[in-house]
Every structure is written in C-alpha cells, then in structure tokens.
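>>> predicted model, plus sequence, below.
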Amino acid sequence: MEPLSWGEIVLRILGLLTPVWIGLVATIALSIAFKRRLGLYGKLFDSPIGMVGFGLVMFWVFTAIFGAMDLIVTHDALSQSASMKNEPPGTPYSKLIGDPDPDAYPFYLLGGDNLGRDVFSRVVDGAWIVIQIAPLATLFAFMVGITLGLPAAYYGGRLDTFLSFLANLILAFPVILLFYLLVTPEIVATGIPSYMAAVMFVFPILFATVLLNSRYHTRPSVRTPVLAAVIAVLGWLYLSLISERAGALEVLPSWLDLFDIPGGILVVFVSVVFVNSPTVFRIVRGIAMDIKTRDYVAAAQTRGEGAWYIMLWEILPNARGPLIVDFCLRVGYTTILLGTLGFFGLGLPPESPDWGSTINEGRKLLSIYLHPALPPALALLSLVLGLNLLADGLREESLRD
Amino acid sequence: MTAWDDDGPILEIENLSISFFTRAGEIPAVMDFSCTVRPGEAMGLVGESGCGKSTVALGVMQDLGVNGRIVSGSIRFKGRDLNEMSADELRRIRGREIAMIYQEPMASLNPAMRVGRQLMEVPMIHEGVSEKEARARALEVVADVKLPDPERILRSYPHQLSGGQQQRIVIAMALMAHPSLLILDEPTTALDVTVEAAVVELVKDLGKKYGTSMLFISHNLGLILETCDRICVMYSGEAVETGSIWDVFDRMRHPYTQALFRSIPLPGADKNARPLVAVPGNFPLPHERPPGCNFGPRCDYFVDGRCDGQEIPMVPVAGDDRHESRCVRVDEIDWDAPPEAGARHAATEPGDVVLRMDDLKKYYEVAANSLFGGGESKVIKANESISFEARESETLAIVGESGCGKSTFAKVLLGLETATDGEITLDNRSIGDVPIGRRDTKTVSDVQMVFQNPFDTLNPSMTVGRQIVRALEIFGVGETEAGRRARMLELLDLVKLPREFADRMPRQLSGGQKQRVGIARAFAGGARIVVADEPVSALDVSVQAAVTDLLMELQRTENTTLLFISHDLSIVRYLADRVAVMYLGHIVETGTTEQIFAPPYHPYTEALLSAVPVADTRVQKKSVVLEGDVPSAMDPPPGCPFQTRCRWKHKVPGNRCETELPPYRDLSDGHRSLCWLDDAELAAMEPVIRTAAE
Ligand SMILES: Nc1ncnc2c1ncn2[C@@H]1O[C@H](COP(=O)(O)OP(=O)(O)O)[C@@H](O)[C@H]1O
Ligand code: SF4
Ligand code: SF4
Ligand SMILES: [Mg+2]
C-alpha cells in the first residue's frame, strides 16, 4: 500500500474525530440556544475569547471520552510493532515487516514512535489520562485550600498568621526538588507519600461533613441520615484509596478495598495538591476577607449562625466567580505540571501514553524524527491555551454588569 | 462662531439626549433635557439615583466613557457648542473653565503625590505660571477653603487628611483655575452632616466670592434649597420641573415634585397625626419606561389616554419666571388641595422597660504590631458609660456621626462583641457579657437587626425565600419544612411583597424591596427589640417613606422596641419617641423628642440640628458651623469630649471643659445632658429651627 499524502491524513483524522465534532456542535448549539438561562456559563457565549477557549477545552474532553470509549483510537496505545519504528505519518500498518494485518486500521496516521507504537492513538489515550487526573487533582487542591483559607480569613489572628506562614513556606520550596524527593525509592519506602495522601484526602470528607452539618443541624431528622450516608460512602472511598495491599498503609482487608491507586498516580496527586493548595489558600483567604465584611455575613452572625455555616454557605458561594476562573487556570497549570512530571519520568509509568511521557520519549530522537514528539506537544499546548482563554472569558464576563 | 457676550448664559443645554449602548441594546439615560445656567447662578439638579443627573454632568464634561453617546441636542458653553469642539479644545476647557467635583474625593486626588504639588500643577499646566507663583496661589486657596495650617496641609499626602479635608482640597483644586462653571456631583454625600454643613457653607461663599456659576447635583432637596438659586427636578431621564427655588418649593407644578415633598419628613410631620405619604410603586428602569408620562404609573392624577397617549412636552407655568413643568394636567390640578390624609393612628403607649443599659463601656485594644504581639498597645474607647432604658413599643433614636460608637454599641447589644464593663439587661436577664454563641435561641431571636445597605443585606447567592426560611429554622419556628415555608410567605405578605418573590434572587429586587426582605428576616423570630442601623438612608427618597412606614406599622402590631440609629435628625424627629445623641463614645444628651428638639440643647445637638438641611422655605435656621473634625477615638481630648469644637466653651468658668469630664445632669424629667453649662446659660439658648408663621 502507498503511504498517505498529508491531505489524506488530515481528512482521515477529521473523519475519525466525527463523534467529537458531533458532541461539540451539539453542546455549543444547546448552550447558545439557552444561554440567557445558564448564568455565568451562558454569558461565556457572548465572549469570543471565552467561546474559543471553551471549544478547545471541550474538544479535548470529547476526544478523551470518546477515545476511552474506543470510538477514535486506531491501535492499542501500548502494543509495539517492529516494522513501524519511527515510520513517518501516513505509513501503512503492518505488524511485522511486509505483513499487513487485515483486521487492523491500515495506517499509522501520525506515524510510529521509537518503539513502533501509534502516535495518533497515544495522543488520544493520553488525553484521557490528562482529562482524568488534572481536574480531579486540582479539585483536591481546592478542597484543601478552601478548607484552610476560609477559617484563616474568618477568624484571622494567630490562626491566620500560622496558616499563611505555612503556605509561604511551601510556596518557597522548589517544586521539582519536591517531586524528586517524593519519588525517590527510599522515601517511597518510608511511606511518606502515602501518609501525605492520607492527610490530604481527608479534606473532602471534612469539607462535605461540615458543609452538610452546618446547613442541616437545625433539622436533626434530615441531618443525621444524610450525614451518616455521606460519611459512610466517602469514608469507604477514602479508606480504599489510601490502603494498599502490602503498602505502608494497609487499613482495609483486601475484600473491602475497592481499588488500588497505582503508586505513581498517588505521587502525582500528592504533588499537585501539595504545590497548588497554598496558592488556592491565598486566593480564598483574600476573597473571604473582603466578603466577611458584608452585611449579610453580619446578619448571619446576629441570628447566631455557626462559623462554618457562615464560611461555607454565606461566604463561599459568593466567592465562586473568581474561584471558577482560577480553577480553569489551575487545571491548565496542573496539565503542564503533569507534562513536566511525565517529562522527567516521575510519577506515571514510563510506557504511559500521557503527553508528558510521550514528549520525553520523542525527545531522544528529536533531531532525526520530529513526528513522535510534536503531536503530544501541540495537544498540551492547545489544551492549556484553551483553559487560559476560557478563564479569561469567564473573568471578563463575570466582571460585566 | 459667535462671540460670547458677557450677559449670555454660561451653560445652555437644549433638548439633550444621551444614551448608553450596551449588549442589551440602547439605554436612553437622558432624554430631551434642557436647562440654562446664567453667570453667577447656582443651578440645582435633584432626582433619585439612576434618574440621569450624573449623566448630564458627564455629558457637559464630554466624558461619557466608551459606550455613552450624545444622541441629539446641544450643550453650549459660553455660546460655543461643546459637541462640536475638537479634543484639544475640550481639554483646554475642562479643568480650566469647567471643573467638576465628585462624590468620592479620593477619585480626584493622586494618592502618591503631596497635596501641594497636586494643587500647584493646575496653574502650572493650564497657565504656565512659575513654580513660586503656583505655590503662592496654592497657599491662598487652601486658606480660602478654611483648612487650618495651610503649610502643613500642602506637605501632606491625601490619605493623611480626613474625608472632609480631602473634599476641601478637591474644591481648592477646582478653584485654582478660576473656572466659570463648577459642577458638583453629590459632593457631600460621603461626608458627615456637620462636615457637610461646613463644606456647603464654603461652596456657597466661594461661589459668591469668585462669581462662579454652579451646577449642583444632589438627591437632597434640603441641600439644594441651601445652595441654589434655581432647581431642575429630574425623573427617569427627563427634567420634569424647573424654576426658581422659591417657585418650585412653594408653588410646585408637577405631581412628582409634589409627591417628593410629601414623602420627606419636614418639621411638623408626625408619625401618628400627620404621617408621610409614600410614593407608590418603584422607579422605572430605563428600558421599562411606560409610554407617555414616565411618572404615570405612580401618579395620583393619571388620566387614561392623555397621560399615556403622547410624549409630554415641557410647558411654561403661567405667571412665573422661567418655571416649567412636564405635565399635561398642570392647569387642571388643584395644587393647594391638602394631601389625602393617610391612616392616622393613636399614639402607642410605651410599656414596661425591656432593655436597660447601665454604664456600658466597650474598649478595643489594638496592638501596635499585630504579628509579634508585644509592643505598646493602644486602647480605643468606642463606648464610654452608655446608660439608657428602652420600653416596649417605644422608638428610641440614637443619633450621631460616623465613628461616634453607634455601631459598636449595636454590636455589643447583639452579642457580636462583649462589653468591657457595665451591664445590659434584657427582661432582667443580663446579656452584656454573653457572646452570641452562648445566648439561647430566644434571646437571639428577641434582638435582631436591620442593616443599612440594601445591596449588602441579602446573600446574593440564595433565593429570598430561602433566606427567610433559614432564619425561621435557626429561630426554631415551625415544625416542618412546609410549615416554615407557609410562615415565610406570611412574612412576605407582612412586609407587602408579592409572594412570587420567594423564588427570586436578590439581584432581581430593587433597593427598597431588598430592605423589606431584610425587615421580614429580622422579624422572623418575633423580635422584641429591633436595631435598625440607618435602614433607609441608602434608599431613594421616594421609597424611604414607604419603608419607614412599614417599620412603624410592624412595630405597632408587634409591640417591638425599635432602636433607630441615624444621623438624619429630620427622620428622627418624625418617628422617634425618645432620642439619645452620641458623640465620641459618649451619650451627650437624652430626652424625649420634644426635649431634644427644643432649647436648652447640648452644644453638640445644637450644631447637629443646625447642620441638617431642611427642605422647607419657611424654616429659618441659626447657622452653627462646627470647625474641624471629630477627634480620633484612639486619642480623645481630655475633659469634655466635645471641647475641641464647642462654641459655648468660653461660657464655662475656668477651663473645666478641658480638664474635667462634665456630669451627666438631669435638666428636667429625664432630659439629661453631659455639659458644664449652668442653668442660666442653658435658659438663654435660642431655638435653632424656627418656622415662619404660615
Ligand atoms: N456606563 C453606563 N453604561 C450603561 N448604562 C449606564 C452607564 N452609566 C449610567 N447608566 C445608566 O443611565 C441611567 C442614569 O444614570 P446616572 O446619570 O448615573 O443617574 P444619577 O446620577 O441620577 O444617579 C441609569 O439607569 C444608569 O443605569
Ligand atoms: S402627565 Fe399625567 S401622569 Fe404625568 S404627571 Fe401629569 S398628571 Fe401625572
Ligand atoms: S462641657 Fe464645655 S465643651 Fe463640653 S459641651 Fe459643655 S460647654 Fe461645650
Ligand atoms: Mg449619580
């Protein structure tokens, strides 16, 4: 078979992405149709910049989801083919030299990497890893930052001084050094990352408990069952998350342990939460300082509301605008951070298709073969650009009227 | 270009229309607006917020921002059309011939530059005079605006000055260039009453001295009466009535002007015998204006077909000089008919004492260095020996300027702070040192508060209904969710809001409506004492009366004790049974409303009474202008707290005022005053406000 021309490659990729286009068009059309009823999200569609950002981000989200559903990928991201090593984009696929596989997709659309894996499929699968980890890790960082930032601002005084000092201390710590430390086998063996994870992952439970309790404590008949259910579910998830068979923390018997997080991903989570939460803390603290002087906060105080109700139900909802904007930006940083980690071979396993690791793999032969490193790099660039544009659009729209 | 002859008007605005172009479309902010300002004349522009006053001012300055545009009409300054001038010419005129003073003084000052430099720059840039001459001129104007120690003022940075001093500097800056037109947009709204009085006095004098014409924008009719020769009343983007002060105040010929005057508390109004008449309804938003007369939906004289049929033009009022009204029925309405008497009420008898404060003190300790503790700490004496009683169904007004300790006292009462010393008893329970967290639900729901700023009083992310239900939950009202919802709807009825509002977000409500929700929330747990902190001062004049009315009505039906905190003596006189006047943490005078408003006064009360602008041409006030500012609570003067500004001090023998705190003396049946003046001096005091015979 003849290799594909560039035009054919582009057409085929566009065709493969059909589900993504359908998803994008449907989402945007629906959102624009109902934009006046969708609050800040709806207003996004008044801002060209925000729309472009949203489009880019949703492109990768849909690509990741449909990729994971096996609607897009053409080859297994991990399987190697001796005949496809470093082959240029558009090369017809054969398992071994001169041995076409009739069932498989006939081409490596974006070529093969140094181990003969399909670059196109790896980029799509890598999107799934990034889209799963980055927002979730950022969310954890927000939970930690919010749970500490609100009381620091609300109570002020010594607590504030102490927490702010701690945040500055962490911010002053060189990030890459921290990562190297966290993945050093000796340190992993001491269980430090597991213990840090055990501490950080408590925050969502704390957060949910306090949130519900402060709201429903006046109605024990609602509060008690809801709280019990939430604590049970989250607690179980939490214990499953932190307990590893034969790891540093083995709290649950294995038949109760729902899942094990691969050690590498745990380290990624811990690092991301660790470096992001101090910044989130500072942002939350700043906004909360301002909001706590409002009369509605004083009104809540004069009816004798508890401190956590005021923080979580009176202050936090009104801080959401800037926090959502920052969330978008921070998912972008986290994506870069994931890339950086992958690039240094930290955290995720080396064969992982995530973009950082793939770029690192491709880097070795960069001077000879550009094609294995370029697509993941462009993917990373466009997703982060999209997130930044989205954040800009949201900020611009939330500042208006 | 026609040459400007000296007798022609300084400013001539003709059929001016200004629109803002936003995403929602064109917003006509000003429509068909005309007015003329002659040399040396002061023109007042009154109206509620959002009616387009500031837009007119910015239009004259040709400074409407990116989305504002003059759609039609002309603005002639000394005969030349400002709309047709080049940017260069405009720049030369702005600041030099037309100067503008804004509400917020810091908006016009550079925080990083010494006051002296900022003043000197004006003539140096506009006229190219030498530095030395500029400095001399700066010194002269600073003295002109009656600032003490001009040399020191010139050397200070803006933040080192008080709000009143800053505003004087801004005025000085505007006057440096000897403009022929001065535009003042609510120049004193951010200032305290006594400071406001002094600034207004100053503006008046300077206007005379320099012969400057003025365009004075305000929502306060009393201020306009004190400063202006002519007035233009605006409503929803249009001028509705214009004429000389005397014509408009005494022979008003537009229903809106009339409604406005009937809704503000003038001397003689009384909550029981002669209640205020609230203007029904709300101010229309620019895109919701009705066809025909904008005031139609709220007008008592509305006639179907005529008032909403066509655009209503300005028509001259027969017999008056340059007096015009935008009303088709101007010649038919019986303008002298007395207002329809509102519901009268028998005065309620105050019941038992529910709240007693005894020698309450609240000091704050502020560490000089908060990070490492230690160092010297300073004591702020926010409240000093506050004592009073409040009875059931009684309205006790607490009057004083910002920083006098009103809010601190409210915080202690509500349990947000605990008293440093002294006793607060609520129904014989001592609550002074019980913080809110340790108060039982009953005590908490008994003492509630209505806040000042309607835009801040409701949580913007929660529906109106939810916020009231939350209060019910906390106060333990109702057994079930459904029961509480029903009660919430009843509360909405009680504050006269439609039930649909339960599911609205606060941003969908107007200021007055939000304030009503705040009131409903305060009364949710059957409050017995409601502290209302300036509950109407941030509202538009025409809705103030309605909200005040509502508070009074709830008080009557619920037998609530109302602690009404305010700086506005007009409204206090209207609704309070008893008054406590505060200054620098002390209660300086208490008594019934009659006792407070008639001599003998405490010297501070006298100044306060004289400072409050009264929108009634029959009222003659004795002018008592206070020099200087309220001293800092961190560093109060020795002796009498008021001694730094008191004009009676010299009547007290020796220098007791400066050395010894005066006794809290009973003058007659519960009328008490914190002053050294003896009975003879007190008896010789003259009334501040005199109403000429009708
Ligand atoms: N930059 C702007 N963009 C859109 N609308 C504006 C703008 N400035 C003022 N408006 C609208 O114009 C109307 C008149 O406003 P303004 O002149 O500030 O009133 P006032 O000074 O009497 O309070 C209001 O409805 C206001 O919302
Ligand atoms: S025109 Fe009609 S509605 Fe308008 S003010 Fe006159 S009487 Fe009232
Ligand atoms: S005690 Fe002296 S300074 Fe104080 S108010 Fe009386 S006269 Fe004035
Ligand atoms: Mg204004």
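Great, that's in hand. Numbers count the residues shown, from 1 in each chain, chains lettered A, B, ... in the order given. Ligands and ions are numbered 1, 2, ... in the order given.
>>> rest of the way, CA atoms for contacts and neighbours
Fine.
>>> figure out the helix or strand that the residue nearest the centre of chain A lives in.
With distances taken as CA atoms, centre = their mean, residue A:134 lies nearest the centre of chain A, 1.4 Å away. Using DSSP states H and E, residue A:134 sits in helix A:119-155.
>>> so for whichever strand or helix holds residue B:468, mean pLDDT?
Secondary structure assignment for residue B:468, by DSSP H and E: helix B:464-474. The pLDDT scores in helix B:464-474 average 93.
>>> for it, name the packing helices and strands.
Judged by 3 or more CA pairs under 8 Å, 6 or more residues apart in numbering or on different chains; DSSP states H and E, helix B:464-474 is in contact with helix B:481-494, helix B:511-522.
>>> pick the most buried one from those.
Most buried of the helices and strands packed on helix B:464-474, by mean neighbour count (mean count of other CA atoms under 10 Å in any protein chain shown): helix B:511-522, with a mean of 25.
>>> what does that one contact?
B:448-451, B:454-455, B:457-458, B:464, B:467-468, B:471, B:491-492, B:494-495, B:497, B:506, B:530, B:535, B:539-540, B:543-544, B:547, B:551 (CA atoms under 8 Å, 6 or more residues apart in numbering or on different chains).
>>> how far does it sit from the chain's center?
19 Å (CA atoms, centre = their mean, to the nearest Å).
>>> please see if it touches ligand 1.
No - figure legend: helix B:511-522 not in contact with ligand 1 (CA under 6 Å from any ligand atom); closest approach 13.5 Å.
>>> can you state the direction angle for that helix and helix B:481-494?
Put simply, helix B:511-522 runs at 130 degrees to helix B:481-494, going by axes from the mean of the first three to the mean of the last three CA atoms, to 10 degrees.
>>> next helix or strand past helix B:511-522?
strand B:529-533.
>>> contacting residues for residue B:455?
Residues in contact with residue B:455 (CA under 8 Å, 6+ apart) are B:511, B:514.
>>> which parts of chain A sit against chain B?
When proximity is defined as CA under 8 Å from any CA of the partner chain, chain A approaches chain B at A:161, A:218-219, A:294-297, A:299, A:301-306, A:314, A:317-318.
>>> what about the residues you listed, which are in helices?
Per DSSP state H, helices hold the following members of those: A:161, A:295, A:296, A:297, A:299, A:301, A:302.
>>> closest residue of the stretch 1-150 of chain B to ligand 3?
residue B:148 (20.2 Å; CA to the nearest ligand atom).
>>> quick check, pLDDT for that residue.
pLDDT, read off for residue B:148, is 78.
>>> ranges for the strands of chain A?
Along chain A, counting by DSSP state E, strands occupy A:91-92, A:107-108.
>>> ranking these by burial, who's on top?
The most buried stretch of the strands of chain A, if neighbours are counted by mean count of other CA under 10 Å, is strand A:107-108, with a mean of 25.
>>> name the helices or strands packed onto that one?
If contacts are counted by 3+ CA pairs under 8 Å, 6+ apart, strand A:107-108 sits against strand A:91-92.
>>> mind listing what the strand it packs on pairs with, with the direction of each?
Strand pairing for strand A:91-92, determined by DSSP bridges: strand A:107-108 (antiparallel).
>>> how far off centre is the strand it pairs with?
That offset, for strand A:107-108, works out to 30 Å (CA atoms, centre = their mean).
>>> and residue B:388, what helix or strand is that in?
strand B:377-391.
>>> wait, does that strand contact chain A?
No - Strand B:377-391 does not reach chain A (CA under 8 Å from any CA); its nearest approach is 15.4 Å.
>>> now stretch B:545-563
No - residues of stretch B:545-563 are not located near chain A by CA under 8 Å from any CA, the shortest gap being 15.3 Å.
>>> ok, residues contacting that stretch?
Under CA under 8 Å, 6+ apart, the answer for stretch B:545-563 is B:263-264, B:276-280, B:348, B:390-398, B:495, B:512, B:515-516, B:519, B:526-532, B:536.
>>> mind running it again at 6 Å?
Contacting residues not belonging to stretch B:545-563 are listed as B:263, B:278, B:392, B:393, B:394, B:395, B:396, B:397, B:528, B:529, B:530, B:531 [CA atoms under 6 Å, 6 or more residues apart in numbering or on different chains].
>>> can you pull the buried residues of that stretch?
If you call a residue buried by 16 or more other CA atoms under 10 Å in any protein chain shown, then stretch B:545-563 has these buried ones: B:545-552, B:554-556, B:559-563.
>>> strands - which of those land there?
Secondary structure assignment by DSSP E places B:561, B:562, B:563 of the buried residues of stretch B:545-563 in strands.
>>> now do the helices in the stretch 1-150 of chain A.
For the stretch 1-150 of chain A, helices defined by DSSP state H, counting those that start in this stretch occupy the ranges A:6-16, A:18-33, A:39-43, A:48-68, A:119-155.
>>> mean pLDDT and distance to residue B:328 for those - can I get that in JSON lines?
Shown next, in JSON lines, are those (pLDDT from 0 to 100; distance: least, CA to CA, whole Å):
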{"stretch": "helix A:6-16", "mean pLDDT": "86", "distance to residue B:328": "69"}
{"stretch": "helix A:18-33", "mean pLDDT": "90", "distance to residue B:328": "45"}
{"stretch": "helix A:39-43", "mean pLDDT": "79", "distance to residue B:328": "43"}
{"stretch": "helix A:48-68", "mean pLDDT": "91", "distance to residue B:328": "49"}
{"stretch": "helix A:119-155", "mean pLDDT": "90", "distance to residue B:328": "58"}
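>>> which one of the ones you listed lies nearest to residue B:50?
With CA to CA as the measure, helix A:39-43 is the member of the helices of the stretch 1-150 of chain A nearest residue B:50 (25.0 Å).
>>> what does the domain assignment say about the chain?
Using chain A. Following automatic domain parsing, one gets these domains for chain A: A:6-124+A:375-400, A:130-333.
>>> not quite, I wanted chain B
With automatic domain parsing as the reference, chain B has domains B:29-228, B:238-325, B:353-579, B:598-691.
>>> TSV for those domains, including distance to residue A:213?
Output for these, formatted as TSV (distance: least, CA to CA, whole Å):
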stretch	distance to residue A:213
domain B:29-228	42
domain B:238-325	40
domain B:353-579	13
domain B:598-691	41
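>>> what ranges in the chain fall below the confidence cut-off?
Defaulting to chain A. Chain A contains residues with pLDDT under 70 at A:1, A:95-102, A:244-252, A:254-258, A:260-261, A:263, A:347, A:399-401.
>>> try again with chain B
B:1-6, B:341-343, B:367-376, B:693-694.
>>> show me what contacts residue B:666?
By CA under 6 Å, 6+ apart, the neighbours of residue B:666 are residue B:672.
>>> look up how far residue B:386 lies from it.
15 Å (CA to CA, to the nearest Å).
>>> and what of residue A:193?
59 Å.
>>> equivalent analysis for residue A:111, please.
Look at residue A:111 and residue B:386: by CA to CA, they are 85 Å apart.
>>> how about residue A:304?
25 Å.
>>> which one's more surrounded, these two?
Neighbour tally, residue A:304 and residue B:386, criterion other CA atoms under 10 Å in any protein chain shown: the higher count belongs to residue A:304, 25 against 21.
>>> filtering the residues of chain A next to chain B by proximity to ligand 1, which remain?
When CA under 6 Å from any ligand atom is applied, no member of those is adjacent to ligand 1.
>>> quick check: closest non-adjacent residue to residue 13.
No chain was given, so I picked chain A. Closest residue to residue A:13 apart from its sequence neighbours, by CA to CA, 6 or more residues apart in numbering or on different chains: residue A:109 at 7.5 Å.
>>> meant chain B, my bad for not saying
Per CA to CA, 6+ apart, closest to residue B:13 is residue B:75, 4.5 Å.
>>> okay, now the one you found: neighbour count?
Neighbours of residue B:75 (other CA under 10 Å): 26.
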